[in-house]
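>>> I'd like to go over a predicted model; first the sequence, then the structure.
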Amino acid sequence: MTTHRNPRYKDAFAVVSGLDRLQHDLAELQAEVSGAASGLRRVLHSQQRRHQSASVLQNLQRQLAWLSGDVARMHAALVQEETHHGR
């Protein structure tokens, strides 16, 4: 997944751009998940290699948490924009 800072979404147009980037990030993450699954299948009987696979899973967990937070920021931006336009 490409490294991103925590973006700020000022309006719906920025959210659309964020969603486009999210699709790309999820495609990259899907490839990483596939690689992790393949790697773990190969090393099921090796304790050291299973530890390495656990590290890969921890990295995937961090990426998913960041993406979840990013979607929450997008949602907050849309709610805020609706509040401003609804007045």
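Received the coordinates, thanks. Numbers count the residues shown, from 1 in each chain.
>>> In the chain, where is pLDDT below threshold?
1-4, 85-87 (pLDDT under 70).
>>> So which residues of it form helices?
For the chain, the helices defined by DSSP state H cover 12-42, 47-85.
>>> Taking helix 12-42 as reference, get the angle to the longest one.
Note on geometry: by axes from the mean of the first three to the mean of the last three C-alpha atoms, to 10 degrees, helix 47-85 and helix 12-42 are set 170 degrees apart in direction.
>>> could you say what helices and strands helix 47-85 packs with?
For helix 47-85, the helices and strands in contact under the criterion 3 or more C-beta pairs under 8 Å, 6 or more residues apart in numbering; DSSP states H and E are helix 12-42. In short, each C-beta sits where N, CA and C put it, glycine included.
>>> In CSV: the helices of the chain, plus distance to Asn6 and mean neighbour count.
Below are the helices of the chain laid out as CSV (distance: least, C-beta to C-beta, whole Å; neighbours: other C-beta atoms under 10 Å):
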stretch, distance to Asn6, mean neighbour count
helix 12-42, 11, 13
helix 47-85, 7, 13
